[in-house]
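Trainee: give the three-dimensional model of this entry:
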Amino acid sequence: MELIDSHTHLDFPDFDADRSALLAESRALGVRRMVVLGVYEGNWQRVWELVQADTDLYAAFGLHPVYLDQHRPQDVQRLGEWLTRLRGHRQLCAVGEIGLDYFIETLDRDRQQALFDAQLQLAADFELPALIHVRRSHAAVIATLKRFRLKRAGIIHAFAGSREEAREYIRLGFKLGLGGAPTWPQALRMHRVLADLPLASVVLETDSPDMAPAMFPGERNTPAHLPAICTALAERMNISPDQLAAASTANSCEVFGW
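Mentor: I've put the predicted structure just below:
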């Protein structure tokens with residue numbers, strides 16, 4: 001079984017003590033490639049240094065909506081400068097993590113939207129896929145993506161929407177990121193949605209160190225958990241783990257141009 005973890009934050013300090021050992025463990029379990037996403041301007045250099053030290057890691061850079069109060073007006077320009085400098089590099093794979101978060105009510109929605117629009121424009125300009133954060137904001141995200149109609153779409157991270165929302169994203173060319181959340185027994189709506197998702201539209205992810213699956217409650221999530229996540233989700237989808245792994249890997253390669 002060969003797997004790709006399409007969404008990690010391996011640069012976070014949570015992994016400082018054992019990052020090398022964890023990467024080795026993940027590879028031994030079949031996780032061949034991992035995407036590390038930047039979330040604010042101050043961690044982009046750390047992300048890039050990490051992926052430069054390992055040929056199986058790939059970087060995405062973005063301004064995450066949850067860090068809205070840390071972002072400065074000039075950070076979008078800085079993002080453009082980073083993408084210009086790294087244009088064409090094999091380990092630059094996407095713009096992300098970007099999006100809209102309506103779960104945290106104190107985050108200004110107008111500022112989030114302006115930031116999202118600016119970064120989607122960069123994704124369009126640089127012909128890179130977008131890795132998109134969506135929390136309680138599916139309608140706004142879908143409406144925004146319909147305005148931009150990206151030639152290279154991307155991934156809806158940690159998809160937890162309805163069947164109808166899934167169809168909207170798929171029509172726009174996006175893949176749906178599936179990780180630990182749907183493995184929990186209480187995720188009843190997602191269990192129903194999973195059974196209807198076309199295999200051509202799903203990719204696997206961990207969101208390490210967050211979103212631990214039900215098999216590892218309360219633990220730090222890691223790419224080494226991806227095979228167990230794959231097995232649990234395949235059971236919900238009434239297919240074999242090998243089928244899901246193969247589809248997810250092919251879909252990730254399609255998104256990132258690998």
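Trainee: what pLDDT, on average, does the helix or strand containing Gln77 get?
Mentor: In this assignment (DSSP states H and E), Gln77 forms part of helix 75-86. The average pLDDT within helix 75-86 is 98.
Trainee: following it, which helix or strand comes up?
Mentor: Using DSSP H and E, the helix or strand that follows helix 75-86 in sequence is strand 92-101.
Trainee: direction included, what does that following strand pair against?
Mentor: Strand pairing for strand 92-101, determined by DSSP bridges: strand 57-61 (parallel), strand 130-135 (parallel).
Trainee: can you redo those as CSV with mean pLDDT and distance to Val76?
Mentor: Placement of C-beta: from N, CA and C, glycine included. Listed next are the strands paired with strand 92-101 as CSV, based on pLDDT from 0 to 100; distance: least, CB to CB, whole Å:
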stretch, mean pLDDT, distance to Val76
strand 57-61, 98, 11
strand 130-135, 98, 14
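Trainee: same list (those strands) but as a markdown table, adding distance to Ser240 and mean neighbour count.
Mentor: As requested, these are exported to a markdown table (distance: least, CB to CB, whole Å; neighbours: other CB atoms under 10 Å):
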| stretch | distance to Ser240 | mean neighbour count |
| --- | --- | --- |
| strand 57-61 | 27 | 25 |
| strand 130-135 | 27 | 26 |
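Trainee: can you redo these as a markdown table with distance to Val193?
Mentor: Below are the strands paired with strand 92-101 laid out as a markdown table (distance: least, CB to CB, whole Å):
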| stretch | distance to Val193 |
| --- | --- |
| strand 57-61 | 25 |
| strand 130-135 | 14 |
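Trainee: which one of those lies closest to Asn251?
Mentor: Asn251 lies closest to strand 130-135 among the strands paired with strand 92-101, at 13.6 Å (CB to CB).
Trainee: can you list contacts of that closest one?
Mentor: With CB atoms under 8 Å, 6 or more residues apart in numbering as the test, strand 130-135 has contacts from 6-7, 35, 37, 60, 62, 64-66, 94-104, 119-120, 123, 141, 150, 153-159, 161, 174.
Trainee: give me the buried entries from those residues.
Mentor: Neighbour-count burial (16 or more other CB atoms under 10 Å) is assigned, among the contacts of strand 130-135, to 6-7, 35, 37, 60, 62, 64-66, 94-102, 119-120, 123, 141, 150, 153-159, 161, 174.
Trainee: tell me where the stretch 51-200 of the chain has helices.
Mentor: Listed in chain order, the helices of the stretch 51-200 of the chain (DSSP state H, counting those that start in this stretch) span 75-86, 109-126, 138-148, 163-171, 188-194.
Trainee: of those helices, which shows the lowest average pLDDT?
Mentor: Among those, helix 188-194 carries the lowest mean pLDDT (a mean of 95).
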